[in-house]
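**Student:** Curious how this folds, go ahead:
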Amino acid sequence: MKGVILVAGEGKRLKPLTHTRPKCMIPVAGKPILCHVLENLKNAGIVDVVIVVNYLRHKIIDEFGNGSKIGMRIKYAVQENMRGTADAFLAAEDMIDDTFVGIAGDIITESSAIKKLISSHDSEMTIGLKKVDDVSNYGVAELERGKIVKFEEKPKTRRSGLANCSMYVMNESLFSKMKSLRLSKRGEYEITDLIKMLASKGHARGVELTEYWQDLGVPWQLFDANEFLLNRLKAKKEGKIEYSRVSGKVIIERGARVFDSFIEGPVFIGKNSEVGPHSFIRGNSSIGEDCSISDSTTVKNSIIMNHVNAKHLTYIGDSIIGENCNLGAGTQVANWRFDAGTISMEVMNKRVDTKRSKLGVIIGDNTKTGVLSSVMPGRTIGDNCWVGAGVVVDRDIPRGTRVFVKQRLIFKKH
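**Tutor:** Residues are numbered from 1 along each chain as shown. As a prediction, this is how the structure comes out:
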């Protein structure tokens, strides 16, 4: 059986991180999201995969190539017109000749969930479902004896139910049915419309999954996935640890060095990164390759990508820092409101309650902060920005922006 992974989309809700990379290439627990998806497919027995690409596809192809480095065989199909999920699957039609597994490329789950779908498949389409407290952001299915009898996309009422996990087993015959779909109100050919069509005829099976599952549609969902994956990794200390206290599960890759510091796992530290002196790396943090986290800097529950410098007296809490960022001395990230309320973020020009009481900043690639700058909770700073010394970031900063504070000095003689 082959696999088809959909990663063509732009990931607009994850900007500024996706200004410079496809969503599936955002690192979580030291690896791109897509790498975790591929590993789950491989562990479920699927080594032949078609990846459907479009947006910044060269970054995916350059990273994974033909799949030989990870023991898989990978081919690529281009979704040219970006007209929905069914259209994306159709882009892979010429490379599929039998029943296949289809999965979104922004899903963190377990390989046992994929195995369960495969072993349960006895219809034209088998769909993974997960019980959630609020189905208003998902497609929701109703089951009778394992068959989907009703399917509704993003119902207006908030209630618990079985959400579509964007994980499928499909017969090859479904390609012809995808071609018969009509454009949705959004102007796309939707796989959810195919589910409705099959459900009306009793040809869709639903499988309720008990395994971990998280789709990564908005930035703060990355923290939960990062925590889950870090706790599943095996402890590994290939780098150097000198005069430091280490507790809990820690993964320190080759060439990394930790000295005169305190590490409280689970923590991932990538190749050739340096931590210390007097750094405090707290649980559920991932630090990428070639980073320098040093003198009296604290990192807590954060994802720090490759080539980041945070050298002096910096606090980074509940935040995501893009590649090639430099945080000036004394940069402080606020991650908690005085009223202890939940923190909102602006996503695609809408204010969204993250339901999180702790949330710092999301910073795009190639951004610099000056000395003694600070950021209020729930803000985003775009890629290629400069934040001047002493600036208090109290609103989102668009990409490619320089922000400085104008100071008025008053001199008086005694």
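**Student:** can you pull the pLDDT of Val135?
**Tutor:** We note a pLDDT of 87 for Val135 in this prediction.
**Student:** which element is it on?
**Tutor:** For Val135, there is no host helix or strand (DSSP states H and E).
**Student:** what about it, how many residues close to it?
**Tutor:** Burial of Val135 is recorded as 22 neighbouring residues (other C-beta atoms under 10 Å). C-beta: built from backbone N, CA, C; applies to glycine.
**Student:** now it, nearest residue through space, not along the chain?
**Tutor:** Leaving out its chain neighbours, the residue that sits closest to Val135 by C-beta to C-beta, 6 or more residues apart in numbering is Gly161, at 4.2 Å.
**Student:** for that neighbour, what are its contacts?
**Tutor:** Lys131, Val132, Val135, Val140, Ala141, Glu142 (C-beta atoms under 8 Å, 6 or more residues apart in numbering).
**Student:** Is the fifth one in contact with Gly206, as I believe?
**Tutor:** What it means is Ala141. Yes - using C-beta atoms under 8 Å as the test, Ala141 is close enough to Gly206 to be in contact (5.1 Å).
**Student:** where do the contact lists of those two overlap?
**Tutor:** Shared contacts of Ala141 and Gly206 (C-beta under 8 Å, 6+ apart): Ile127, Leu129, Ile148, Leu162.
**Student:** For the last one, name its beta-bridge partners.
**Tutor:** On the basis of DSSP bridges, Leu162 is bridged to Lys131, Ala141.
**Student:** Surely it and Ile148 touch.
**Tutor:** No - in this structure, Leu162 is not within contact of Ile148 by C-beta under 8 Å, at 9.0 Å.
**Student:** Could you measure from Thr380 over to Val347?
**Tutor:** 9 Å (C-beta to C-beta, to the nearest Å).
**Student:** So what's the residue count around Ile281?
**Tutor:** Ile281 has 28 neighbouring residues, counting by other C-beta under 10 Å.
**Student:** Start the count at 4 instead of 1 going forward.
**Tutor:** OK, 4 is where the count begins now, so the last one is Ile284.
**Student:** can you pull the contacts of it?
**Tutor:** Ser264, Phe265, Ile266, Glu267, Val270, Ile272, Val278, Ile290, Ile296, Thr301, Val302.
**Student:** Repeat that for Glu42.
**Tutor:** Applying C-beta under 8 Å, 6+ apart, we find Glu42 in contact with Ile73, Ser114.
**Student:** Confirm it sits in a helix?
**Tutor:** Yes - assessed by DSSP: H, G, I helix; E, B strand; the rest coil, Glu42 belongs to a helix.
**Student:** With Val172 as the reference, measure out to it.
**Tutor:** 19 Å.
**Student:** got it, and Phe178?
**Tutor:** Separation of Phe178 from Val172 (C-beta to C-beta): 14 Å.
**Student:** more crowded one of the two?
**Tutor:** Val172 (25 against 16).
**Student:** so which strand or helix has that one?
**Tutor:** Applying DSSP H and E as the criterion places Val172 in strand 164-173.
**Student:** quick one: that strand to chain centroid distance?
**Tutor:** 18 Å (C-alpha atoms, centre = their mean, to the nearest Å).
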